Structure formats: structure tokens, C-alpha cells
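1. Sequence below, structure please.
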Amino acid sequence: MLARARLWCAALAIVTAAAGTAIAKEGLEEEAAARDPSHVAARQAIDARRYAEALRVLGEALARDTQNAETHNLLGFAYRKMGDLEQAFRHYQEALRLNPEHRGAHEYIGEAYLAVGNLAKAEEHLRRLEALCQSPCEEKVDLKAAIDTYKARRRTGATPIPAR
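-> Residues are numbered from 1 along each chain as shown. Got it, this is the predicted structure:
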């Protein structure tokens with residue numbers, strides 16, 4: 001019994017450390033992005049709903065560093081808001097290839113899947129967020145709310161959630 005409890009504690013420590021590493025990696029990416037003038041300008045453009053401008057600025061950031069998951073995540077967001085889901089999916093998938101624990105990319109790709117009517121894939125990304133977020137996190141809360149809204153609209157026969 002004591003050996004089983006020790007094994008459980010060791011497994012929990014490993015899972016907690018892995019989650020902490022993922023959060024730390026994303027935190028470092030976000031800190032670096034916050035200092036990058038292109039990311040600052042892109043976020044300002046996104047906040048003002050000037051998505052074409054955000055794409056231009058993020059294209060400059062991508063030209064400097066193609067391996068930045070946050071750049072791809074923001075590109076996916078801007079493309080999704082402009083209605084170009086093909087490009088949005090491409091960039092979200094690249095963000096997740098570069099950082100499989102990127103919470104923002106999981107949230108946004110889940111929302112994109114809802115826009116194309118793929119509830120199962122959206123729920124898959126919600127489950128991934130549930131595993132990544134040991135405590136409540138904004139990305140998990142937001143995707144769950146979007147899924148709940150999608151299901152409610154579907155039950156009432158309302159139009160599915162648009163891509164924007």
C-alpha cells in the first residue's frame with residue numbers, strides 16, 4: 001500500500017513538472033513576443049480589428065523567425081477573423097507542431113473547428129486544455145463557453161457560429 005502511494009506521488013510529480021514546463025515555455029514565448037515590436041504592433045492591430053494590418057506585421061515577424069509558435073498562433077487568429085479558415089488552420093497547426101502545449105493555439109483552433117461544424121475536433125482540443133490547465137485558465141474557459149454556445153445553437157436549430 002505504501003509503495004503504491006509513493007508510486008502515485010512520483011507519477012503526480014512528473015505530470016505536474018511536465019505541465020509546469022509547458023506553461024513556462026509558453027510564458028517565455030509570450031514574454032519574448034511582448035518585447036518584439038512586430039508582435040506589439042500586431043496585437044494592437046488585432047485589438048482594433050485591423051486584421052489585414054496584423055497579417056502584414058506578423059508576416060515581417062515570420063520572415064525573421066519561422067519557428068515562433070506565438071507568431072503562427074496570431075497569424076491563425078487574424079486569418080480566422082478575416083474568414084480564411086484554410087490559412088488559419090495551417091498556422092494553428094504549425095503553432096501546435098512547434099509547441100504542442102500552446103494553450104492559445106488549442107483554444108483558437110477549437111473555435112475554428114466550431115466554425116466549420118466539427119464539434120468533435122473542438123472537444124478534442126478542450127480535453128487537451130483540460131490536461132494542460134491544472135487550475136482554471138482563460139483558454140479552457142473560453143473554448144468551453146464557445147462549445148456550450150455551439151451546442152445550444154445547434155439544439156435550437158440556430159445558425160452555427162460564424163468563422164468571425
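2. going forward, measure contacts between C-alpha atoms and count neighbours the same way
-> Noted.
3. how much space between the most centrally placed residue in the chain and residue 67?
-> Nearest to the geometric centre of the chain sits residue 105, at 1.9 Å (C-alpha atoms, centre = their mean). Applying C-alpha to C-alpha, to the nearest Å, the value for residue 105 to residue 67 is 14 Å.
4. again with residue 86
-> For residue 86 relative to residue 67 (C-alpha to C-alpha), the value is 20 Å.
5. of these two, who's got more company?
-> Each of residue 86 and residue 67 has its neighbours counted (other C-alpha atoms under 10 Å); residue 67 has more, 15 against 12.
6. what about the more buried one, which helix or strand?
-> Using DSSP states H and E, residue 67 sits in no helix or strand.
7. my guess is it meets residue 98, correct?
-> Yes. Between residue 67 and residue 98 there is a contact at 6.8 Å, judged by C-alpha atoms under 8 Å.
8. what residues do those two have in common as contacts?
-> Listed as contacting both residue 67 and residue 98 by C-alpha atoms under 8 Å, 6 or more residues apart in numbering is no residue at all.
9. ok so, going back, quick one: the residue nearest to the centre of the chain from residue 151, how far?
-> Separation of residue 105 from residue 151 (C-alpha to C-alpha): 21 Å.
10. Then residue 46?
-> 27 Å.
11. cool, residue 51 as well?
-> From residue 51 to residue 151 the distance is 28 Å (C-alpha to C-alpha).
12. More neighbours: those two, which one.
-> Ranked by neighbour count (other C-alpha under 10 Å), residue 51 and residue 151 place residue 51 first, with 22 against 17.
13. What pLDDT is listed against the closest residue to the more buried one other than its chain neighbours?
-> Counting by C-alpha to C-alpha, 6 or more residues apart in numbering, residue 51 lies nearest to residue 78, which is 5.3 Å off, once chain neighbours are set aside. Here, the pLDDT recorded for residue 78 equals 98.
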